[in-house]
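> Got a sequence here, can you model it:
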Amino acid sequence: MSLVCISGNDLIRGVKRGCINLEHNKDSVDLLNVFPVPDGDTGTNMYLTLRAAVKEGENYNDNSLPNVAKAISRGSLMGARGNSGVILSQIFRGMAKVLECKKEANAVDIAMALKAGSDTAYKAVMKHVEGTILTIIREVANRCEIEAKKDNDIIAVLIRGIQQGYQTLRKTPQMLPVLKEAGVVDACGQGLLYFLEGMVDGLAKDKEIALNLYKTQDPEYLAEK
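Take a look at the predicted model:
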């Protein structure tokens with residue numbers, strides 16, 4: 001069973017589930033936090049930013065996709081915590097620019113929204129550093145754009161994007177010396193992938209659907225995590 005388009009209700013459900021998944025994993029993300037400042041709060045800041053985004057999205061009376069996307073963007077910006085939260089809010093801002101003119105979004109639309117989110121986040125950061133969340137969201141978006149041209153299933157497209165994200169995440173210590181010295185991957189990038197995994201579960205409604213797709217597309221994926 002494939003998911004070929006999403007509504008405003010689908011989007012907020014996915015973002016909420018992504019927020020919950022990050023909440024469950026925020027402590028492990030905090031432990032990875034060595035860049036840009038080793039203050040151990042990246043996971044917590046991302047979670048609090050997402051919680052604000054979800055609250056704004058859920059409180060909006062009009063559940064149309066454009067208004068929900070804008071509400072999520074607005075909530076994340078108002079509730080942004082730390083550098084990670086600010087970058088996350090810029091990703092949502094870019095996504096909203098694409099989704100605000102869509103009644104429903106298909107796989108191509110979602111891929112375009114992620115690309116816009118990546119571009120907006122890059123523009124918001126004065127000094128780009130590779131090996132961070134910026135690298136991860138760019139690679140996820142690029143893979144989703146490629147996959148959306150071949151597959152109209154939003155879940156399958158997002159999963160392949162996430163898999164690309166994890167392949168890139170494992171390379172972050174080679175991109176950023178401070179990560180290599182500490183023996184960790186980028187905390188913010190990991191937090192983003194936890195969020196996206198939860199979002200997939202939320203969109204799929206049935207977690208087994210998403211898990212089976214993960215296994216079908218990459219049998220080693222779950223074992224590696």
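> Would you indicate which residues of stretch 180-199 are buried?
Buried residues in stretch 180-199, counted by 16 or more other Cβ atoms under 10 Å: 184-199. All C-beta spots, glycine's among them, are computed from the backbone N, C-alpha and C.
> so who does the closest residue to residue 6 other than its chain neighbours touch?
Spatially, and ignoring its direct neighbours in sequence, residue 6 is nearest to residue 105 (5.3 Å; Cβ to Cβ, 6 or more residues apart in numbering). Residue 105 makes contacts with 5-6, 11, 65, 99, 113, 154, as judged by Cβ atoms under 8 Å, 6 or more residues apart in numbering.
> Low-confidence ranges, the chain, go.
1, 36-38, 61, 206-225 (pLDDT under 70).
> Pull up the gap between the residue of it most remote from its centre and residue 51, please.
The centre of the chain is farthest from one residue, residue 181, which by Cα atoms, centre = their mean lies 26.3 Å away. To residue 51, residue 181 is 32 Å away according to Cβ to Cβ, to the nearest Å.
> With residue 75 instead?
Residue 75 is 9 Å from residue 51, by Cβ to Cβ.
> if you count what's nearby, which of these two comes out ahead?
residue 75 (25 against 19; other Cβ atoms under 10 Å).
> Going by neighbour count, list what's buried in the helix or strand harbouring the more buried one.
Assigned by DSSP states H and E, residue 75 belongs to helix 65-78. Residues of helix 65-78 classed as buried: 65-77 (neighbour count, 16+ other Cβ under 10 Å).
> Looks like residue 31 contacts residue 39 (just checking).
No: contact criterion Cβ atoms under 8 Å: residue 31 and residue 39 do not qualify, at 11.9 Å.
> Need the three-state assignment for residue 130.
coil (DSSP: H, G, I helix; E, B strand; the rest coil).
> Could you name the helices and strands sitting against the host helix or strand of residue 192?
In this assignment (DSSP H and E), residue 192 forms part of helix 187-204. Counting by 3 or more Cβ pairs under 8 Å, 6 or more residues apart in numbering; DSSP states H and E, the packing neighbours recorded for helix 187-204 are helix 8-32, helix 42-59, helix 82-99, helix 133-148, helix 154-169, helix 207-217.
> I'd like those as JSON lines, with distance to residue 127 appended.
Shown next, in JSON lines, are the helices and strands packed on helix 187-204 (distance: least, Cβ to Cβ, whole Å):
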{"stretch": "helix 8-32", "distance to residue 127": "21"}
{"stretch": "helix 42-59", "distance to residue 127": "18"}
{"stretch": "helix 82-99", "distance to residue 127": "12"}
{"stretch": "helix 133-148", "distance to residue 127": "11"}
{"stretch": "helix 154-169", "distance to residue 127": "20"}
{"stretch": "helix 207-217", "distance to residue 127": "35"}
